[in-house]
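Participant: Predicted model and sequence below, questions to follow.
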Amino acid sequence: MSTAILDKIRTERDDVRNAAVAMAESEDFNPEDPTFTELQTRADTLDKRAATLQDLFDKQAGADALDGRISKASRRAADAPTFTRESPGQLFTRSDVYTGYSFRGTSSRLFMEDVQTRALPTGIADLITAGYKGAPTRVDTTPPTAPTPLLDAMTTINVSTNAIEFVAWTKKAGGAAKVAEKVAKPSMEVGPTVTSTTLDNIAVWTQLTRQLLEDEAAARSAVDNLMQYDVLRAEEAEAAAVLAAATATIPDAVSTGDLLKAIRIGVGTVQAAGYTPNAVLLNPADWASLDIQVMTNANTAPNSVNVFWGLIPIPSTAQAAGTAVVGDFRSAATHFTRSSVALYVTDSHDVTFIANVFTLLAERRSKTVLIRPTALCEAKIA
């Protein structure tokens, strides 16, 4: 039995399937393309043919062994270098002697011809010296998913255009009040503030060789995830910079020598403006200092959930040390996105086609804007 024909069928099948995959990855891919359909059909036909031929080979080898012709099978295996030679144990377990053994203490003798005997290795070093290469243990050290607590704390709106106009409605005068029966009800005057802007494009790219993408199936996924999270981290930093830059237009909450007290005053300031604070933006060093201050204060409950009166601490180096932004971030700011983070790949960038290099790109258009400044308050030390 020769595997030359089987190898040829499998090689042709892989070539056909790779061609179908290349068509499916193109930007103008059409699943109803006759060429693509023909490639799929041809690959399936070759796959079935290879499976059928392999099954016939396996059954023929099994029949030889079950007929008791172990010596003949061994000699035929020695004469056919394209097949992997069976070990004495494999030949024995598929022989009539083994299958007819009653497991009651008696059995016939089995004589195996052309069996090589070697000294057993005494340790791993002997195996390595003999050329053994075991399967390596692989550990994924990819960084975890980048958190975006600031973006999670605010409202996100998906838009359909690059240019946007956002409208902020606010109460100008009047308001609800208790009234008696048959008495005229109070009115409220509202007014819009319209702001026009365009989305920012946040992107990153990298390159991988064709061989790496073909040989390491997980490489593409890992790199795509890293690039996607890098875009999200950049958006998080941009949002923090927008809020940090808005401190000149938002109210202040000042305390002498104690940022923790200033944060609590800020909570009251935001509540007085009609909003419910949900988070506090802090410099990472200030967050660490406040944690230590609270946990070492005998008059404070050790439950860390209540450290900042139910506020979600959001660390960012964009926030100046010694200050914090307290507020209702969901009402105060809005994060506009054009789509999810898009991932692209091409082998036609510059001269990379002839170098077998793929260029991978991740990008998204987005914009974080401050809608209601009075929903925020800057806490700082006098």
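Facilitator: That came through fine.
Participant: taking the mean pLDDT, what do you get for the helix or strand where Val325 lies?
Facilitator: Assessed by DSSP states H and E, Val325 sits inside strand 323-327. The predicted model assigns strand 323-327 a mean pLDDT of 92.
Participant: and it, what does it pack onto?
Facilitator: helix 259-272, strand 279-282, strand 376-381 (3 or more CB pairs under 8 Å, 6 or more residues apart in numbering; DSSP states H and E). (Each C-beta comes from the backbone N, C-alpha and C, glycine too.)
Participant: just the CA coordinates of the last one, formatted as CSV?
Facilitator: Extracted in CSV, the C-alpha atoms of strand 376-381 (Å, rounded to 0.1, in the frame of the first residue of the first chain):
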residue,chain,number,x,y,z
LEU,A,376,-19.6,67.4,37.9
CYS,A,377,-17.6,69.0,40.6
GLU,A,378,-13.8,69.4,41.1
ALA,A,379,-12.7,68.4,44.6
LYS,A,380,-9.4,69.9,45.6
ILE,A,381,-7.3,70.9,48.6
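Participant: Pull up the pairing partners for that strand, direction included.
Facilitator: Strands that pair with strand 376-381, judged by DSSP bridges, come out as strand 252-255 (parallel), strand 323-327 (antiparallel).
Participant: residues making contact with it?
Facilitator: Residues external to strand 376-381 that are found in contact with it (CB atoms under 8 Å, 6 or more residues apart in numbering): 243, 246-247, 250-259, 262-263, 265-267, 269-270, 280, 322-329, 332, 370.
Participant: Check the offset of it from the chain's centre.
Facilitator: Taking the mean of its C-alpha atoms, strand 376-381 sits 36 Å from the chain's own mean (CA atoms, centre = their mean, to the nearest Å).
Participant: quick one: the helices in the chain?
Facilitator: With DSSP state H as the criterion, the chain has helices at 4-25, 34-66, 70-79, 88-93, 96-99, 124-129, 149-153, 210-215, 217-245, 259-272, 284-295, 329-332.
Participant: out of these, which comes closest to Glu165?
Facilitator: Glu165 lies closest to helix 217-245 among those, at 17.7 Å (CB to CB).
Participant: what is the orientation angle of the closest one with strand 376-381?
Facilitator: 80 degrees (axes from the mean of the first three to the mean of the last three CA atoms, to 10 degrees).
Participant: re earlier: and the contacts of strand 376-381, which of them are buried?
Facilitator: 243, 246-247, 250-251, 253, 255, 259, 262-263, 265-267, 269-270, 280, 323-329, 332, 370 (16 or more other CB atoms under 10 Å).
Participant: Per-residue pLDDT of Gly154, please?
Facilitator: No Gly there; residue 154 is Met. At Met154, pLDDT is 86.
Participant: so what's the backbone phi/psi at it?
Facilitator: With angles defined as degrees, to the nearest 10, Met154 sits at phi -110, psi 170.
Participant: okay, the helices and strands packed on strand 323-327 in JSON lines with mean pLDDT and distance to Asp15 next?
Facilitator: Shown next, in JSON lines, are the helices and strands packed on strand 323-327 (pLDDT from 0 to 100; distance: least, CB to CB, whole Å):
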{"stretch": "helix 259-272", "mean pLDDT": "91", "distance to Asp15": "65"}
{"stretch": "strand 279-282", "mean pLDDT": "92", "distance to Asp15": "56"}
{"stretch": "strand 376-381", "mean pLDDT": "91", "distance to Asp15": "61"}
